[in-house]
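1. 3D, please:
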Amino acid sequence: MTTFAFAILLVISLLGYWLNRRTALAIRRDGARLHSLSGYHGLYSLLSILVPVFVLTIVWLIMQGSVVDSLIMNSLPEGVLDGLGEGQSQLILAEIKSLSRGQTFGTPEDWKIAAGSRLVSLQATSSMMLVAIVTLCALGLLILAKKRVTATFRARQGVEWIVSGLMVFCSVVAIFTTVGIVSSLAFETYKFLQMVPLTEFLFGLNWEPQIPIRADQVAAAGAFGWIPVIVGTLVITVVALFLAIPIGLFSAIYLNEFAPPLVRSTAKPILEVLAGVPTVVYGFFAILVVAPAIRSLGASLGIGVSPNTALAAGSVMGIMLVPFISSFADDALSAVPRSLRDGALALGATRAETVLNILFPAAIPGIVGGVLLAVSRAIGETMIVVMAAGLIANLTANPLESVTTVTVQIVTLLIGDTSFDNPKTLAAFALGMMLFIVTLIINIFALRFVRKYREAYD
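-> Model (predicted):
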């Protein structure tokens, strides 16, 4: 039904564009001079209908889930929620939602089945109300926009005002989204630190977040020292960058300065295809090809190699990062003025000296941007690490050992029974906060580096 509501909104908006444009053309054919072009009259109608009704629909969909959930929980029989924490109540609600989708596990109580049926009914009623409200609001706005089509109506200014408002709204959304992400991480991290001492989290050398969530579960006491996790992340990132940065930069320099046009036009698209390969494919390549090759090489040299290694994951991740660094570096080198190249060569500099002393300093902001993107992608990669490096947090800098990363642990902690009132689940937010801080520090140092070493030319 939601798709149907959006389809109705799109059809009515296009109808409004057509009607207002046709009306404006009719006014012009009658000899009147329009203040704005007929296309602006159509766009004014389209935007006047589409924007407010679309916002209303999004707000409805956002509020629908929480309102329906609240009605369902309030309609449960008395006593079933007595003495239950927030996490256990959320598990009951999740089970009711599963029953509403026809997913039955075990033998649920009758009141849960009834609540599931009630949830289906409320969702259907909400969807029908949404379709009705969207239709009525869109038609009402269509009529209002149609009445405003006159020879003196400033449709162009109206369109520009709506578009300007959309731009401001998008900017505000981006700002508040960032603030919301940081605030949510900080709030959940504060809850985590109320259960786990800060010193244990920052300086602990063991990461074993397996604790019992329910009374019938058997698990360890748990250890939440994040150092093994961040060390594993840094090891894999360093291995990936050690491979990706030289290959990416050298390939960009060759394709930009030395390669014939035919080679460049052929090699550059092939190189950039690597950026579109799904990470799960890289993971399969790492576990089926690279990891066995590393183990075979280690066995032939008498070196012990784990089944899952940081070297395998980092090497394949480095291959994945090559097109990011190469593309950014190539674009940065291409943006350097041609006069600088010609002037250096005219003064007797070789191509290598020109690249090293003229082009590279001028292009360093773009190159650092590509490296930063590669670092962020390496730190945030999950699938390759899961398949090739493992899930065990080992405190080691040896790339031939099995390690894990921050993102892998976040995913692992949020799988299964997610009760947000225990340190096991809240540890995911603490790891996310620390990852955010580490990334922020890297960006700050990179900006200072660029400002110190960049060379600006008129």
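
2. center of this protein, which residue is that?
-> G380 (9.8 Å; CA atoms, centre = their mean).

3. and the gap between the closest residue to that residue other than its chain neighbours and T237?
-> Closest residue in space to G380, ignoring its immediate chain neighbours: T407 at 5.6 Å, by CB to CB, 6 or more residues apart in numbering. (C-beta placed from N, C-alpha, C; glycine too.) Shown here: T407 relative to T237, a distance of 11 Å by CB to CB, to the nearest Å.

4. these two: which has the busier surroundings?
-> T237 (23 against 20; other CB atoms under 10 Å).

5. so what's the more buried one up against?
-> 314, 375, 378-379 (CB atoms under 8 Å, 6 or more residues apart in numbering).

6. could you save those as CSV and add columns showing secondary structure?
-> Supplementary listing: those in CSV, determined by DSSP: H, G, I helix; E, B strand; the rest coil:
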residue, secondary structure
G314, helix
V375, helix
A378, helix
I379, helix
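
7. narrow the residues you listed to those that are buried.
-> 314, 375, 378-379 (16 or more other CB atoms under 10 Å).

8. run through the stretch 151-300 of the chain and note the low-pLDDT ranges.
-> 211-222 (pLDDT under 70).

9. related to what we said a few turns ago, quickly list what's touching both of T407 and T237.
-> I379.

10. still on that earlier bit, and of the contacts of T237, the nearest to R295?
-> G314 (15.4 Å; CB to CB).

11. quick check: the closest one vs L274, distance?
-> Distance, G314 to L274, by CB to CB: 16 Å.

12. what do you get for G16?
-> 45 Å.

13. so between the two, which is more surrounded?
-> Between G16 and L274, counted using other CB under 10 Å, the more crowded position is G16 (28 against 15).

14. tell me which element the more buried one falls in.
-> Using DSSP states H and E, G16 falls within helix 2-29.

15. helices and strands around whatever helix or strand comes next after that helix, which ones?
-> Per DSSP H and E, the first helix or strand lying C-terminal to helix 2-29 is helix 38-74. Helices and strands touching helix 38-74, as assessed by 3 or more CB pairs under 8 Å, 6 or more residues apart in numbering; DSSP states H and E, comprise helix 2-29, helix 86-100, helix 110-147, helix 155-195.

16. I'd like those laid out as a markdown table, including distance to I358.
-> A markdown table is the format used below for the helices and strands packed on helix 38-74 (distance: least, CB to CB, whole Å):
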| stretch | distance to I358 |
| --- | --- |
| helix 2-29 | 53 |
| helix 86-100 | 61 |
| helix 110-147 | 58 |
| helix 155-195 | 37 |
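
17. that older thread, what helix or strand is the residue nearest to G380 located in?
-> Per DSSP H and E: T407 is located in helix 406-413.

18. quick one: buried residues of that helix?
-> So for helix 406-413, counting by 16+ other CB under 10 Å, buried means 406-411, 413.

19. which SSE is immediately downstream of that helix?
-> Downstream of helix 406-413, the first helix or strand assigned by DSSP H and E is helix 423-453.

20. now that following helix against helix 86-100, angle please.
-> 100 degrees (axes from the mean of the first three to the mean of the last three CA atoms, to 10 degrees).

21. tell me the angle helix 423-453 makes with helix 155-195.
-> Using the same axes, to 10 degrees, helix 423-453 lies at 120 degrees relative to helix 155-195.

22. strands of the stretch 201-350 of the chain, start to end?
-> Under the criterion DSSP state E, counting those that start in this stretch, strands of the stretch 201-350 of the chain are mapped to 207-208, 223-224.

23. K147: which of those is closest?
-> strand 223-224 (64.2 Å).

24. paired strands for that closest one, with orientation please.
-> Applying DSSP bridges to the sheet, strand 223-224 is found paired with strand 207-208 (antiparallel).

25. thank you, goodbye.
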